[in-house]
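Chemist: coordinates for the following, if possible.
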Amino acid sequence: MSAQAFADALTGQRETFNQRFLRAQQQNRRLDGERFAAVLRDQAAPVAEAVAKVAADRLDPVVSVLFDVCLHLTGLELMGPGSHLPQLDRAFRQLLPTQAALIAEDPERLIRSLSNAVYNLAMEPAADADRWIELMQALTPSIETPERWLEAGSVAAWRCGMAHYREGALTAAAQLPREILAPLFDLKPDDLPEDLLERLANPWYRPAAHPVEPSLHLVGRTGGFQGFGGPFVEPPEVARFGDQLYAFDRQQAWTLFADGFGLVMRRYGTELPPGEPVEWSQFGLDRKGNVSRGELRAHLPQLADWSSLAATEHTLAVTLPHSHHIFLVARL
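Modeler: So this is what the prediction gives:
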């Protein structure tokens with residue numbers, strides 16, 4: 001019955017939909033009709049079918065948004081057979097149908113937001129779009145409004161590796177009830193610390209796996225040689241401007257975002273920010289690789305004979321003379 005409802009919704013606006021497809025095809029000669037038909041059948045139909053079961057009176061606006069979004073993504077070869085981003089196909093087949101009641105309320109915002117979220121996650125090497133889909137699907141029974149869905153999606157994206165989303169995610173997290181917030185951090189509601197947001201002021205705090213005793217650790221590395229897909233043509237340097245870490249070589253400067261859930265580098269430009277860099281004083285690191293912060297000490301010989309250093313309150317960034325990578329030390 002619902003499959004017929006989807007077909008009827010398409011038929012009822014056949015002329016309008018045909019005109020939309022023809023205009024899109026005129027602008028993009030690579031847009032293939034058979035491919036788009038497969039996307040409507042395999043990705044859009046399950047969403048429409050789910051909406052028809054819970055809010056049949058809202059099916060027409062949902063189908064209209066689905067048609068336009070799928071048309072755009074198919075034209076970019078991001079959906080359909082052999083697509084560049086199979087995570088989008090999966091999100092439409094598996095996640096969106098479980099959100100039918102919310103989509104019926106606000107199809108334009110939710111369908112487009114989900115598409116953008118999955119695309120951005122899939123395009124970021126440090127992120128996990130599949131994990132985001134799983135988290136959002138698991139949260140379905142607890143989310144009652146589109147606003148809550150968007151807030152949870154923001155936190156989940158940060159949780160799945162989008163370290164540059166941290167500030168917005170923390171703002172969203174402050175609005176979420178425990179039954180939504182706890183699963184995002186792999187916890188049960190009763191195990192969620194009452195002072196979670198205060199603890200998250202330390203970017204390396206992970207609620208489900210944080211050591212009892214503070215210590216210094218080499219927490220990761222990022223960067224790499226441009227010839228192997230990295231950002232740098234030569235060993236980079238690091239500097240801090242304001243509260244932000246930057247990495248740079250003679251061609252480009254990059255903003256460095258790093259916390260317990262991900263390491264992300266975003267292109268900043270050909271020049272560093274104006275002004276003088278902030279002196280690094282929160283950490284100490286000698287030429288033998290002995291690192292310190294306050295009373296904490298650690299020996300990290302792989303950082304011996306470093307070439308540049310920069311630090312925030314919680315993170316030390318280190319570069320080496322013959323490496324295209326940036327090494328990160330943090331207080332856990």
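Chemist: can you give me the helices in the stretch 101-250 of the chain?
Modeler: Along the stretch 101-250 of the chain, counting by DSSP state H, counting those that start in this stretch, helices occupy 107-123, 129-139, 146-159, 166-173, 178-184, 196-199.
Chemist: among those, which is nearest Ser307?
Modeler: Set against Ser307 and scored by Cβ to Cβ, the helices of the stretch 101-250 of the chain come closest in helix 166-173, at 27.7 Å. C-beta here means a position set from N, CA and C on the backbone, and glycine is covered the same way.
Chemist: tilt between that closest one and helix 146-159?
Modeler: If you take axes from the mean of the first three to the mean of the last three Cα atoms, to 10 degrees, helix 166-173 sits at 140 degrees to helix 146-159.
Chemist: helix 166-173 packs against which elements?
Modeler: Counting contacts by 3 or more Cβ pairs under 8 Å, 6 or more residues apart in numbering; DSSP states H and E, helix 166-173 packs against helix 146-159, helix 196-199.
Chemist: can you get me a residue count around the residue lying closest to Gly230 once chain neighbours are set aside?
Modeler: Take Gly230 and drop its neighbours on the chain: the residue closest to it by Cβ to Cβ, 6 or more residues apart in numbering is Gly224, 2.4 Å away. Residues lying near Gly224 (other Cβ atoms under 10 Å) number 17.
Chemist: got it, and Arg331?
Modeler: 20.
Chemist: is Leu40 in a helix, a strand, or coil?
Modeler: helix (DSSP: H, G, I helix; E, B strand; the rest coil).
Chemist: who are the neighbours in contact with it?
Modeler: For Leu40, the contact set (Cβ atoms under 8 Å, 6 or more residues apart in numbering) comprises Leu10, Leu66, Phe67, Cys70.
Chemist: any idea how far Leu10 is from it?
Modeler: To Leu10, Leu40 is 8 Å away according to Cβ to Cβ, to the nearest Å.
Chemist: one more: Ile103?
Modeler: 17 Å.
Chemist: same question, Leu135
Modeler: 32 Å.
Chemist: same check, this time on Gly230
Modeler: Counting by Cβ to Cβ, the gap from Gly230 to Leu10 is 46 Å.
Chemist: quick one: which of the contacts of Leu40 has the most company?
Modeler: Ranked by neighbour count (other Cβ under 10 Å), the contacts of Leu40 have Leu66 at the top, with 26 neighbours.
Chemist: quick check, it in contact with Ala50.
Modeler: No - using Cβ atoms under 8 Å, Leu66 makes no contact with Ala50, being 11.3 Å away.
Chemist: mark out where each domain of the protein begins and ends.
Modeler: Domain assignment for the chain by automatic domain parsing gives 2-199, 216-331.
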